[in-house]
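Chemist: Give me a 3D structure for the following:
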Amino acid sequence: MLKIKVSSLKLGTQIGKDIFTYDSQLLLPRGSIITQEHLENFAVRDINEVYIMEATPRQKSERSFENVYGGALNVVNSFMMEARLGNNVDFNEVSETTDLLLEQVFDVSDLFRQMRLMKDKADYLFTHSVNVSLLCILIGRWLKCDEKTIKDLGMAGLLHDIGKVYIDDEILNKPGKLTQQEFEEIKKHTLLGYNLILQNPLLNHDIANAALMHHERADGSGYPAGIKGYTNFFASVVAVADLYDAITTAHTYSNRRSPYSAAEILWQESFGKLDPKISKVFYDKITNFYVGNQVLLSNNQKGTVIFIDPTQPTRPIVMVGDKFYNLATDRSITIIDIID
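Modeler: Numbering: from 1, shown residues only. This is a model prediction of the structure:
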């Protein structure tokens with residue numbers, strides 16, 4: 001059961017616990033379906049909170065992560081190719097793929113491990129889209145969003161970079177720093193993706209906004225419009241997921257960095273750039289799942305993470321043989337990579 005405010009109660013919701021009047025008379029039994037008359041009655045009787053039945057939790061799919069991930073890669077490849085050719089995108093297939101991904105986001109520590117194993121399975125644009133979708137679903141669950149919002153976040157993750165199919169491959173895959181002109185071309189993928197997603201009026205407009213605004217930053221340093229402030233919830237979630245996956249993935253222009261490095265960057269960006277309500281939850285949560293991981297340190301030694309300090313979660317204690325490195329006090333050593 002879940003206790004919520006009556007002001008948030010929706011028609012059709014199932015009551016999870018008997019509701020009584022102040023003189024102990026049964027007003028509404030458990031299992032009743034809320035109608036407008038009920039809401040009006042609650043207002044008259046000054047009933048402000050009720051218990052509701054929670055939705056039946058999704059069951060973990062029997063399909064393997066690798067199988068679902070591979071299928072999602074094929075779908076991303078397919079809809080991006082169709083978009084590049086000027087054909088209609090099958091958004092129903094995007095929706096069905098998101099449903100399959102939703103069923104994989106349960107065991108969080110295993111999720112991050114599986115994502116690491118999938119990094120080199122296909123073109124970065126495709127793996128990045130699937131990874132961002134998975135991370136958006138995860139963030140939505142950590143933020144206790146409703147299931148529809150979580151699914152829409154997953155779809156936003158799959159579609160957030162679709163505008164890049166219109167950008168020259170030589171620019172997208174250029175090793176080294178982009179020229180200013182090339183960077184201006186890259187920026188266009190946000191608006192191009194936004195316009196493409198808007199072609200389907202049945203999709204939540206926030207999914208299109210995520211494609212448009214996931215590179216905006218609260219201090220106005222982002223693009224395409226340089227908007228100040230926290231723009232859109234969906235865009236803010238995708239921004240965190242997008243940045244984390246980009247940092248932890250190798251590109252033609254940069255090396256892959258560890259999840260700990262990514263967490264530190266997310267923490268820094270939460271002061272004035274990323275929405276701290278989202279980035280801090282992500283930052284706090286992910287580092288807890290690395291206890292027990294085998295890691296490579298910057299001194300070229302391999303060890304095991306044995307303790308996470310919640311006040312400095314990116315600077316854990318690492319055991320190497322019979323020696324302990326407290327990275328919170330020894331700032332000269334960092335975690336280069338997770339190796340299991």
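
Chemist: Would you mind writing the CA trace of stretch 90-102 as PDB?
Modeler: Once non-C-alpha atoms are left out, stretch 90-102 reads as follows in PDB (Å, rounded to 0.1, in the frame of the first residue of the first chain):
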ATOM      1  CA  ASP A  90       8.300   3.200 -36.100                       C
ATOM      2  CA  PHE A  91       7.700   4.700 -32.700                       C
ATOM      3  CA  ASN A  92       5.600   1.600 -31.700                       C
ATOM      4  CA  GLU A  93       8.800  -0.500 -32.000                       C
ATOM      5  CA  VAL A  94      10.600   2.100 -29.800                       C
ATOM      6  CA  SER A  95       7.800   1.700 -27.200                       C
ATOM      7  CA  GLU A  96       7.900  -2.100 -27.300                       C
ATOM      8  CA  THR A  97      11.700  -2.000 -26.900                       C
ATOM      9  CA  THR A  98      11.400   0.300 -23.900                       C
ATOM     10  CA  ASP A  99       9.100  -2.200 -22.300                       C
ATOM     11  CA  LEU A 100      11.700  -4.900 -22.600                       C
ATOM     12  CA  LEU A 101      14.400  -2.600 -21.200                       C
ATOM     13  CA  LEU A 102      12.100  -1.800 -18.200                       C
END
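
Chemist: in this protein, which helix or strand is least confident?
Modeler: strand 2-5 (a mean of 72; mean pLDDT, DSSP states H and E).

Chemist: Could you point out the helix or strand that follows that strand?
Modeler: strand 19-20 (DSSP states H and E).

Chemist: Can you tell me what sits against whichever helix or strand comes after that following strand?
Modeler: Counting by DSSP H and E, the element after strand 19-20 in chain order, helix or strand, is strand 26-28. The contact list for strand 26-28 (Cβ atoms under 8 Å, 6 or more residues apart in numbering) reads 15, 18-21, 38, 41, 45, 47. All C-beta atoms are positioned from the backbone trio N, CA, C, and that covers glycine.

Chemist: Give me the contacts around the helix or strand that strand 26-28 is followed by.
Modeler: Using DSSP H and E, the helix or strand that follows strand 26-28 in sequence is helix 36-44. By Cβ under 8 Å, 6+ apart, the residues outside helix 36-44 that reach it are 6, 9, 11, 27-28, 32, 48, 50.

Chemist: and what of stretch 161-169?
Modeler: Here stretch 161-169 has contacts from 79-81, 83-84, 89, 125, 128-129, 132, 172, 185-186, 188-194, 196-197, 211, 242, using Cβ under 8 Å, 6+ apart.

Chemist: Counting neighbours, which of those residues end up buried?
Modeler: Listed as buried from the contacts of stretch 161-169 are 79-80, 83, 89, 125, 128-129, 132, 172, 186, 189-194, 196-197, 211, 242; burial here means 16 or more other Cβ atoms under 10 Å.
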